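>>> Curious how this folds, go ahead:
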Amino acid sequence: MFRLDEKIWFWTLLAIPVIILLFLLLQLWRRSAQKKFADSALLKRLSPNQSLFKSILKVVVLCGAFACLSLALVNPKIGTKLETVRSEGVDIVFAVDVSKSMLAEDIAPNRLEKSKQLVTQIINSLASDRVGIIAYAGKAFPQLPITTDYASAKMFLQNMNTDMLSSQGTAIGEAIKLAKTYYDNEEQTNRILIIISDGEDHEGEVTDIAEEANEMGIRIITVGVGDTKGGPIPIKRNGVVLNYKKDNNGETVITKLDETTLREIAEETNGVYINGTNTAEVVDQIKDVLDQTDKTEFESKQIADFKDQFQWFLAFGIFLLFIDIFFLERRTAWLKKLNLFNEAI
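Okay, the predicted model is just below:
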């Protein structure tokens, strides 16, 4: 497994196109100056061993040296051993609403994208907790099982959209039922379920299901995304709004944030409701809840013992610089025979 320590040093690779540009400008200037000095026939007689190929080769070698030195600064590492790591944390399951109402743009850029931002920032604030992801609309679907791989969690999160589930609606109860299967330890008491939704539950009886979750030791935090005044659901093609979703009577559907339902769900499990408008406040409040929650010790497999590989790139870069210094721009005997650029001899 590879890991890059200092990715910012990739910017030094911009030196390569600068070197190439300077080389081209130097060649143009040299040609212009030589034409002022003498015609081409006389120049070939005065400097018969000048080689365009050798000049290009010097630049290629110099660019290769800079590329190697840049990679050395980035410091790539290779993981050589898989270790079982014991750590303490909380099992957190994110249930993200992907129903069509989440396309409403009453919160920028829209409710679903805002939900993704919130989950991403919460994950970024975690240390050793385990996370899982559920997507739900009319039905609930397991998106990612409990894991400590935050990179995978964020990758799965970004791929979520309103077309991933064929059954539409907002069945929060289905998400809570599915979340119960995520926690593998029946005696575990620090189970956190974070529901990110606009709160429009189309199935009903969600508080009864939340009460059952509470009996299993699951604490639910609800995060409301959207505006209580509501907004229409745009129908887009290639990012352009064509129309808005309408009901059976031809009236434009206005979807509103239902904070009441979300509060009731949280209260049933001794959880909290958070308005999702301000991302920083959401992250801070959830961190406060997690800090007050008992931690459970668990094991996870991780790549450990990463070894530096920068020395190979550094050595090869210095070697190429050494070669470039001693490269002459004069043609050698074997290059004269090859005549790669059809240079007149």
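>>> any chance you could map the helices in the stretch 51-200 of the chain?
Listed in chain order, the helices of the stretch 51-200 of the chain (DSSP state H, counting those that start in this stretch) span 52-74, 111-124, 150-158, 172-180.
>>> Turn these into a markdown table, columns for mean neighbour count, mean pLDDT and distance to R3.
In this view, the C-beta of every residue, glycine as well, is placed from N, C-alpha and C. Putting these into a markdown table (neighbours: other C-beta atoms under 10 Å; pLDDT from 0 to 100; distance: least, C-beta to C-beta, whole Å) gives the following:
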| stretch | mean neighbour count | mean pLDDT | distance to R3 |
| --- | --- | --- | --- |
| helix 52-74 | 18 | 85 | 10 |
| helix 111-124 | 20 | 95 | 18 |
| helix 150-158 | 15 | 91 | 11 |
| helix 172-180 | 22 | 89 | 32 |
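>>> would JSON lines of those helices with distance to L321 be doable?
Listed next are the helices of the stretch 51-200 of the chain as JSON lines, based on distance: least, C-beta to C-beta, whole Å:
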{"stretch": "helix 52-74", "distance to L321": "5"}
{"stretch": "helix 111-124", "distance to L321": "40"}
{"stretch": "helix 150-158", "distance to L321": "36"}
{"stretch": "helix 172-180", "distance to L321": "58"}
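>>> what's the closest of these to T279?
Ranking those by distance to T279, with C-beta to C-beta as the measure, places helix 111-124 first at 5.5 Å.
>>> Compare the helices of the stretch 51-200 of the chain and give me the one nearest D284.
The nearest among the helices of the stretch 51-200 of the chain, by C-beta to C-beta, is helix 111-124 at 10.3 Å.
>>> Give the other helices and strands that the closest one contacts.
If contacts are counted by 3 or more C-beta pairs under 8 Å, 6 or more residues apart in numbering; DSSP states H and E, helix 111-124 sits against strand 91-97, helix 150-158, strand 191-197, helix 279-291.
>>> how does it look with 6 Å?
Counting contacts by 3 or more C-beta pairs under 6 Å, 6 or more residues apart in numbering; DSSP states H and E, helix 111-124 packs against helix 150-158, helix 279-291.
>>> quick one on the thing from earlier: between the helices of the stretch 51-200 of the chain, which one is closest to I196.
The nearest among these, by C-beta to C-beta, is helix 111-124 at 4.4 Å.
>>> Direction-wise, compare the closest one with strand 191-197 and give the angle.
Helix 111-124 and strand 191-197 are oriented at 150 degrees to each other (axes from the mean of the first three to the mean of the last three C-alpha atoms, to 10 degrees).
>>> so which strand or helix has V241?
strand 240-244 (DSSP states H and E).
>>> Figure out which of the helices and strands packed on helix 111-124 is closest to F319.
Among the helices and strands packed on helix 111-124, the nearest to F319 by C-beta to C-beta is helix 150-158 (34.9 Å).
>>> Check which element follows the strand holding V241 along the chain.
strand 254-255.
>>> Give the rounded mean pLDDT of the next helix or strand after that next one.
Using DSSP H and E, the helix or strand that follows strand 254-255 in sequence is helix 259-268. Helix 259-268 shows a mean pLDDT of 92 in the predicted model.
>>> for the next helix or strand after helix 259-268, packing partners?
Scanning forward in sequence from helix 259-268 by DSSP H and E, the next helix or strand is strand 273-275. Under the contact definition 3+ C-beta pairs under 6 Å, 6+ apart, strand 273-275 sits against strand 218-224, helix 259-268.
>>> now strand 273-275: how far from the chain's centre is it?
When C-alpha coordinates are averaged (C-alpha atoms, centre = their mean, to the nearest Å), strand 273-275 and its chain have centres 26 Å apart.
>>> quick check: mean pLDDT across it?
Per-region confidence: strand 273-275 scores 96 on mean pLDDT.
>>> Sheet-wise, list the partners of it with their directions.
strand 218-224 (parallel) (DSSP bridges).
>>> list the buried ones in stretch 133-142?
By 16 or more other C-beta atoms under 10 Å, the buried positions in stretch 133-142 come out as 133-137, 140-141.
>>> do the same with stretch 246-265
Within stretch 246-265, the residues scored as buried using 16+ other C-beta under 10 Å are 254-259, 261-265.
>>> So for it, first residue to last residue, what's the gap.
End-to-end distance of stretch 246-265 (C-alpha to C-alpha, to the nearest Å): 29 Å.
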